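J.: How does the following fold in three dimensions:
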Amino acid sequence: MTNVIEVDSLSVYYENNQAIKDVSFQAEQGKLIGIVGPNGAGKSTLIKAILGLEKAHGKVTVLGDKVNQVRKQISYVPQRNQIDWDFPVLVEDVVMMGRFTHIPWYKKAGKLDQKIVVDSLNKVGMLDYRKRQIGELSGGQQQRVFIARALAQHADLFFLDEPFVGIDVTSEEIIINLLRELRDEGKTVFVVHHDLSKVEQYFDELLLINKELVEFGEVKSVYKPEILSKTYKGSITLFGSDENMMVVSE
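T.: Below you'll find the predicted structure:
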């Protein structure tokens, strides 16, 4: 398999505090990867550092090149709390933003771009809401619209920061099914995630981080009590008949 990302000794400092330290890993094409760790572990910082949105030390190679050279091929969905939901913009306009990297500044969106927007909204079940203001939607609906924006970009690499937080069950099912489809098409998807009970169901691989990289590998290899205990620096309790169900006490 082809490595789509190579991260070498990546570190980020905020004044005198080190947010992430010497993180190194390689990720292959066509994987759905969960990024897991406690609050303040540097999960969001890691994504932003890879994307060049945070000043960082170290080396990052994305799709065989520097990130600025392949930005059109990368789609990023930030946490919902980082978005101004009061900004007066229509749902279809939000999704059209995913096409901007493909439209020259001197041209307007064409028929193909309009079709891609419609198709993307249809995939997330939000086509009937295309003329609604984004701020009028529920949390799950808003997240689906931003997933549609990511789909419209036709990227090869996707980063989603806590996409399942504060959304309804239907939206979560739609989103995870779409992410699986992207994976099956050969795309690589990174998802910052906090619900440990679903990692086996959702992901092919896990990247466990607590400022430093703890483990990175297939879920069956790293989703273990001793590794989670090291990641969360707490105790692990196994319960029920399924020994893969875990509770982490920080």
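
J.: tell me the centre residue of the chain?
T.: L160 (1.8 Å; CA atoms, centre = their mean).

J.: Which helix or which strand is home to that residue?
T.: strand 157-161 (DSSP states H and E).

J.: Partner strands of that strand, with direction?
T.: strand 74-77 (parallel), strand 188-192 (parallel) (DSSP bridges).

J.: Could you look up the SS state of the closest residue to D86 other than its chain neighbours?
T.: What sits nearest to D86 in space, not counting adjacent residues and going by CB to CB, 6 or more residues apart in numbering, is G135, at 5.5 Å. (Glycine included, C-beta is placed from N, CA and C.) With DSSP: H, G, I helix; E, B strand; the rest coil as the basis, G135 sits in helix.

J.: What about G135, how many residues nearby?
T.: Neighbourhood size, G135 [other CB atoms under 10 Å]: 13.

J.: where's it relative to K198, distance?
T.: G135 sits 29 Å away from K198, going by CB to CB, to the nearest Å.

J.: swap in N39?
T.: N39 is 18 Å from K198, by CB to CB.

J.: which of these two has more neighbours?
T.: Per other CB under 10 Å, whichever of N39 and K198 has more neighbours is K198, with 14 against 8.

J.: Just the pLDDT for that one.
T.: As predicted, K198 sits at a pLDDT of 90.

J.: Is L32 in contact with Y202, as I believe?
T.: Yes - the pair L32 / Y202 is scored as a contact, 7.0 Å apart, by CB atoms under 8 Å.

J.: which one of those two has more residues nearby?
T.: L32 (21 against 18).

J.: Buried residues in stretch 29-43, which are they?
T.: 29-38, 41-43 (16 or more other CB atoms under 10 Å).

J.: From start to finish, how long is it in a straight line?
T.: With CA to CA, to the nearest Å as the measure, stretch 29-43 spans 20 Å from end to end.

J.: before we move on, what about stretch 37-57?
T.: Stretch 37-57: ends 21 Å apart by CA to CA.
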